[in-house]
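K.L.:
Let's see this in three dimensions:
(one chain, ligands or ions: 2)
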Amino acid sequence: MSRRKKIYEGKAKVLYEGPEPGTLIQYFKDDATAFNAEKHAIIEGKGVLNNRISEFIMTNLNAIGVPTHFIRRLNMREQLIREVEIIPLEVVVRNIAAGSISKRLGIPEGELLPRSIVEFYFKNDGLGDPIVAEEHITAFNWATTQEIDDIMALALRINDYLSGLFAGVGIRLVDFKLEFGRLYEGDMVRTVLADEVSPDSCRLWDARTNNKLDKDRFRQDLGGVSEAYAEVAQRLGIFKDPRSAFVEG
Ligand code: AIR
Ligand code: ASP
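P.N.:
Numbering: from 1, shown residues only. Ligands and ions are numbered 1, 2, ... in the order given. Next up, the predicted model:
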C-alpha cells in the first residue's frame, strides 16, 4: 500500500482516494469482527474472496439496472468505486428467521417468514446499530421519505434477484444487509447501492444440508470460514480452480 490518502477505515475495509475526482478505492482487509467489534480475528484470504464475490454481485446487479457504486475491480483486494455520501442506515432484508429477529421476536431459526421483511438499523457503532422505524429516520433527517421509498424498492429487487441467483447454485439467501449512498451528478442526486455484498453481509445456507456458508461461521466459532467463502465463490462460478482463490496477485 502506497502513500495515497486514506479517506476512511472501517472494520473490514479501507477507503482510499481514487485516481479521479468522485472516485475512491475500496480495499478489502482480512479482518473479521462481530458483536460490535468485541470479537476480532484475521481470516486469511477473506478480503480477496469478498472483493471477488462483491464484484460479481455488483456487476450482475448493475446489469439488471440496479444502480451501484461499483466501477471495476483493480486487483485481488481493491475495487474502484464512485464516491457517495453514505446514508447512515443498515438495511436488512430477511427471508428466513435467523440472528437478531429470532432473538428479538422469538421466531425459531430456520422458519420461513410469511413474506420478505425489510428492517432499518441506525448505522452507529457507539450505539451498536439499533433498529429504528421510518419515523426516526425522517424525524432525524437520516434519509428523506423519497429515499426510504427508493431504498425499499431497490432492496426488494435485489432480494428477488439474489434469491434466484443463489438458489441456482444450491444456496438459500436467509438474510442480508445493504448500505446505500447518495451519488451527486451535477444537481441530481441518486440513491445507489454501496459498501459490499458478500458472505460478511449475508446469511447463506446450503440448500440441502443447511450448512452455514457465511460470517456466522466466525460469529459462532464454527471454523472453516474462508473455506465456506471460497465455496460460495466457486459455486457462483467466480473461480474455475477453487485453489486459485487463495493465490494473491
Ligand atoms: N449484518 C448486519 N450488520 C452487519 C451485518 N453483516 C448482516 C448479517 C445478517 C443480517 O445482516 O450478516 O446477514 C442480519 O443480521 P442480524 O444480526 O440482525 O440478524
Ligand atoms: N461486523 C459487525 C461488528 O463488528 C457486526 C457483525 O457483522 O456481527 O460488530
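K.L.:
check which helix or strand covers residue 143.
P.N.:
Using DSSP states H and E, residue 143 sits within no helix or strand.
K.L.:
got the contact list for it?
P.N.:
Counting by CB atoms under 8 Å, 6 or more residues apart in numbering, residue 143 makes contact with 87, 89, 137, 151. Every residue, glycine included, has its C-beta placed from N, CA and C.
K.L.:
Would you map the strands across the chain?
P.N.:
6-9, 13-17, 23-28, 31-34, 39-42, 70-73, 78-82, 85-86, 89-96, 112-122, 131-132, 171-185, 188-194, 202-206 (DSSP state E).
K.L.:
can you list these in CSV and add mean pLDDT?
P.N.:
Output for the strands of the chain, formatted as CSV (pLDDT from 0 to 100):
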stretch, mean pLDDT
strand 6-9, 98
strand 13-17, 98
strand 23-28, 98
strand 31-34, 97
strand 39-42, 98
strand 70-73, 98
strand 78-82, 98
strand 85-86, 98
strand 89-96, 99
strand 112-122, 98
strand 131-132, 98
strand 171-185, 98
strand 188-194, 98
strand 202-206, 99
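K.L.:
So for ligand 2, which of the ones you listed sits nearest?
P.N.:
Ligand 2 lies closest to strand 31-34 among the strands of the chain, at 3.3 Å (CB to the nearest ligand atom).
K.L.:
Using CSV, write out every CA atom in the closest one.
P.N.:
The C-alpha coordinates for strand 31-34 follow below in CSV (Å, rounded to 0.1, in the frame of the first residue of the first chain):
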residue,chain,number,x,y,z
ASP,A,31,-10.1,-8.6,9.5
ALA,A,32,-13.3,-10.1,10.8
THR,A,33,-15.2,-8.5,13.7
ALA,A,34,-18.5,-9.4,15.4
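K.L.:
Pull up the pairing partners for that strand, direction included.
P.N.:
Looking at strand 31-34 with DSSP bridges, its partner strands are strand 39-42 (antiparallel).
K.L.:
Go ahead and name everything in contact with the partner strand.
P.N.:
Contacts to strand 39-42, defined as CB under 8 Å, 6+ apart, come from residues 30-33, 218-219.
K.L.:
Going by distance to ligand 1, which of those residues wins?
P.N.:
The nearest one, if we look at these relative to ligand 1 and count by CB to the nearest ligand atom, is residue 219, at 8.3 Å.
K.L.:
Find the residue closest to residue 215 in space, skipping its chain neighbours.
P.N.:
Distance criterion CB to CB, 6 or more residues apart in numbering; nearest residue to residue 215, sequence neighbours excluded, is residue 200 at 5.0 Å.
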